[in-house]
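**Q** Need a 3D model of the following:
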Amino acid sequence: MKERTNARPLGSVLDALIGALGIGTKLDQYRVFDVWDEVVGEQVAKVARPERLHNGVLTVAVSNAPWRAELTFRKREILEKIRERLASDGITDIRFR
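**A** Numbering: from 1, shown residues only. Sure, this is the predicted structure:
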């Protein structure tokens, strides 16, 4: 059987494709769903879950009004932590509902 000399690891092929399509930043933004618990902490994660990301605005469902008020007050802090964790400023706002 003939050995292939031009074989590349799948990861590098996918990285090249993502770069060529220009969707790397968008994919990085969606990582917020994976890191939410780490960013906000266990207590907040129990009452608030990210639902949607659209045009840089993260919509977060909050279980009750007092927590919604608290998170609205802490929005700038949470947004800074998200940007730091993702190493991106693609998420421009958070809406709590």
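
**Q** Which stretches in the chain count as helices?
**A** 10-21, 24-30, 32-40, 42-45, 65-73, 75-86 (DSSP state H).

**Q** Figure out how far the shortest one is from the centre of its chain.
**A** This points to helix 42-45. Remark: helix 42-45 is offset 17 Å from the chain centroid, using Cα atoms, centre = their mean, to the nearest Å.

**Q** buried residues in that helix?
**A** Within helix 42-45, the residues scored as buried using 16 or more other Cβ atoms under 10 Å are Val44. The way it works is simple: take the backbone N, C-alpha and C, and place the C-beta from them, glycine included.

**Q** State the mean pLDDT of it.
**A** The predicted model assigns helix 42-45 a mean pLDDT of 98.

**Q** So which residues make contact with it?
**A** With Cβ atoms under 8 Å, 6 or more residues apart in numbering as the contact definition, helix 42-45 has outside contacts at 36-37, 67, 71.

**Q** Kindly report the same for the third one.
**A** Under the criterion Cβ under 8 Å, 6+ apart, residues 45, 48-50, 53, 58, 78, 81-82, 85-86, 91 lie in contact with helix 32-40.
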